[in-house]
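K.L.:
Here is my input, please return the structure:
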Amino acid sequence: MPQTDALPPANYEDLIRLIHARHEKMSKTYQRIAEYLTQNPNEVAVQSVNAIGQHCGIHASSFVRFAQSLGYSGFKDLQLLFQKRLSTAAPGFEARKQALEGELSLREDQSGLGFLRDLVVRDIASLQDLLERIDGDDMARAAEMIAGAGTVYLLGQLRAEPVVNLMRYILTMLGRPCVLLDASGGLATHMARNMSKGDLLIAVSFRFYANEVVNIVEEAARAEVPIIAISDSTLSPLAKPAALLFAVPEHDYTFSRSLAAPMCLAQALLVSVAARVQNGSSDPRIPTVTGQ
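P.N.:
Purely as a prediction, here's the structure:
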């Protein structure tokens, strides 16, 4: 993407809007850079371009060219906007993780307990980050959409499948009509075509996004079916078709990417639904199969 003659964004919010506007036409490398910048603003503010590039597996010179394509003379000018934002922002994922590592006296070891400590630290930091990012009005709106839907259709494949399976279980126990668009048998796309405007689609997908999930979401949007999406970025392919997007960024790549934050978000949404269908109960209960 060539450098533009237009003046570059002068604040963080305008920069993010510009990145969103251009994302679809960016090269694959620039898209990866854009996703990292939008998901990790606090880390971008304090790390060197070499450190950021090493973390992403992208050469630092690509970050410089990315900044220039947006009108900046170099990456440091772009980074300055992230630093200004950081002065009023809550601690980021890395800061929380480092503090927790100290509290837990985390040491590098290859034992089962060492792996457990590492996962616990990352999950706690991710959950704290989730709490800072999620908007209360969006949570309330999502709960209203779920409670008021004729049928809730649930869509998630690959790593996202456990999230929608949990949601199906809870909705079923609450007595809410729901359908899991299961990929087995190759019928998910055809089942999705039974959705109507009075229904709701909840789609969950993370990088690398399952093609069938993206296709079903786009087809549902064309049919004017309301969509709630849970994904890992505001640049996700689920973002534009969704009426409501919950972005749950992934900060670290480990052997298996954690589902702690999206699972917690899904549970919280359905607890809110339970409160509504149980006449505004301040202590909503979700029945269990084995409950007496």
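K.L.:
Off-centre distance for stretch 11-29?
P.N.:
Put simply, stretch 11-29 sits 17 Å off its chain's centre (CA atoms, centre = their mean, to the nearest Å).
K.L.:
Sorry, slip of the keys, the one I care about is stretch 206-216.
P.N.:
A distance of 13 Å separates the centroid of the chain from that of stretch 206-216, by CA atoms, centre = their mean.
K.L.:
Now do that stretch: distance from first to last residue.
P.N.:
15 Å (CA to CA, to the nearest Å).
K.L.:
Run through who's touching it.
P.N.:
The contact list for stretch 206-216 (CB atoms under 8 Å, 6 or more residues apart in numbering) reads 35, 155-160, 181, 183, 188-189, 192, 201, 203, 205, 231-233, 236-238, 250, 257, 262. From N, CA and C alone the C-beta is placed, and that goes for glycine too.
K.L.:
likewise stretch 150-167?
P.N.:
With CB under 8 Å, 6+ apart, stretch 150-167 has contacts from 146, 168, 171, 176-181, 183, 188, 192, 195-196, 198-206, 210, 212-213, 216-217, 230, 257, 259, 262-263, 266-267, 270.
K.L.:
after the lowest-mean-pLDDT helix or strand in the chain comes which helix or strand?
P.N.:
For the chain, counting by mean pLDDT, DSSP states H and E, helix 93-103 ranks last in confidence among helices and strands (a mean of 52). Per DSSP states H and E, the first helix or strand lying C-terminal to helix 93-103 is helix 112-133.
K.L.:
which other helices and strands contact that next one?
P.N.:
Counting contacts by 3 or more CB pairs under 8 Å, 6 or more residues apart in numbering; DSSP states H and E, helix 112-133 packs against helix 93-103, helix 260-277.
K.L.:
Could I get the buried residue list for that helix?
P.N.:
117-118, 121-130 (16 or more other CB atoms under 10 Å).
K.L.:
cool, and stretch 219-226?
P.N.:
Buried residues in stretch 219-226, defined by neighbour count with 16+ other CB under 10 Å: 219-221, 225-226.
K.L.:
Many thanks, have a good one.
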